[in-house]
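1. Need a 3D model of the sequence below.
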Amino acid sequence: MFKWLKSFLNELDEIIDRDFKCYRMNFFTLISAFIVLNAVGGVILNLHQNTENLKDNYKVRVYLKGNPDEKSINEFEGKLLELPEVRHMKYESKEVELRELEDDLGIRLPKGNNPLSDSISITFDGYDKLELLRQNLDKEDNFIKEVYVDNEQLQNLNKRIAKNQTFIRYFFLGAFLPVVLIIFNLLHTNIVKHSRDISSKIYMGDNKKNVLKPYYFISDAIFTGAAFTGTLIFLNFYEVFRKEFINYDRDYILSSTEQMLVLALVTILVIICVFPFVSRKIYRVKGDNQ
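-> Next up, the predicted model:
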């Protein structure tokens, strides 16, 4: 066992000494690639989160007839929640609405003089579900006084969400996949560079498994080290950027550093699991073909 380990370390040392500059260049290039990869993933994650937050603004307001009691309101809300297009809702009494109106106008109306109605704000699945929701609400005309729909606001919201989703798709295809391809190309180029040495040793009678082990180890170490290093560098930059951005624009909510860390860890795990497997497959192919 120790004899094999000594032979392995000697072979490893020889390979690294011979191509140290190449490995160093690959390592720093991969660090840059993983920084960009995480940055692209961060943009996609933030856009996705922003799109989900925007979907909570698909709302209509339903004004109720008369002065319904709590039991009637609960039964009506139960019916609405059974509709597949309804996500959630919020009930507001006319007293609460009057206080909000008074606060907005800066005045106080005489007690007992409340012309408003109890209402329910309904959040639904999307603009394409609006007509279906209207049809279902029309069936409750004995309980509903009026349905208020800000159609222009909903149309603008729908366009904004569609733009976000389109940008996510194009950003994924135009930025994320090219970076992944660059990483694969670096791996492939590194393997092609050593294919002659590998085939020569195998041709001279060395055990193919033992010949390939040092290359496996170096390849896996470079990719794993670059993945962790690039990700940690990105997370530090992201934390600084996020703090500055929050001070600049408090209306837009960026993903937390913890969320980015989860995304980064998933990325690293995929890299660690997939790339060593791919490197072994390519090495085997090179070894078999020579």
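2. ok, which stretches of the stretch 1-150 of the chain are strands?
-> With DSSP state E, counting those that start in this stretch as the criterion, the stretch 1-150 of the chain has strands at 59-64, 86-92, 119-124, 144-148.
3. Any chance of JSON lines for those strands, columns mean neighbour count and mean pLDDT?
-> Every C-beta, even on glycine, is put in place using the N, C-alpha and C of the backbone. Shown next, in JSON lines, are the strands of the stretch 1-150 of the chain (neighbours: other Cβ atoms under 10 Å; pLDDT from 0 to 100):
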{"stretch": "strand 59-64", "mean neighbour count": "19", "mean pLDDT": "91"}
{"stretch": "strand 86-92", "mean neighbour count": "15", "mean pLDDT": "89"}
{"stretch": "strand 119-124", "mean neighbour count": "19", "mean pLDDT": "91"}
{"stretch": "strand 144-148", "mean neighbour count": "14", "mean pLDDT": "88"}
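4. Export those as CSV, with columns for distance to Leu105.
-> Output for the strands of the stretch 1-150 of the chain, formatted as CSV (distance: least, Cβ to Cβ, whole Å):
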stretch, distance to Leu105
strand 59-64, 19
strand 86-92, 17
strand 119-124, 18
strand 144-148, 19
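5. Determine which of those approaches Val180 most closely.
-> Closest to Val180 of those is strand 86-92 (Cβ to Cβ; 34.7 Å).
6. tell me the angle the closest one makes with strand 119-124.
-> On the basis of axes from the mean of the first three to the mean of the last three Cα atoms, to 10 degrees, strand 86-92 is oriented at 160 degrees to strand 119-124.
7. who wins for proximity to Lys209 among the strands of the stretch 1-150 of the chain?
-> Comparing those by Cβ to Cβ, strand 86-92 comes nearest, at 56.9 Å.
8. Distance of Asp187 relative to Lys71?
-> I think there's a mix-up here, since residue 187 is Leu and not Asp. 67 Å (Cβ to Cβ, to the nearest Å).
9. Show me which of these two is the more surrounded one.
-> Neighbour comparison, Leu187 and Lys71: the larger count goes to Leu187, with 19 against 8 (by other Cβ atoms under 10 Å).
10. Touching, the more buried one and Asp220? I think so.
-> No: in this structure Leu187 lies outside contact range of Asp220 using Cβ atoms under 8 Å: 10.5 Å.
11. low-scoring stretches of the stretch 51-200 of the chain, by residue?
-> 101-102, 109-113, 188, 190-192, 194-195 (pLDDT under 70).
12. so where do the helices sit in it?
-> Remark: helices assigned in the stretch 51-200 of the chain by DSSP state H, counting those that start in this stretch are 70-81, 94-105, 130-138, 151-171, 177-203.
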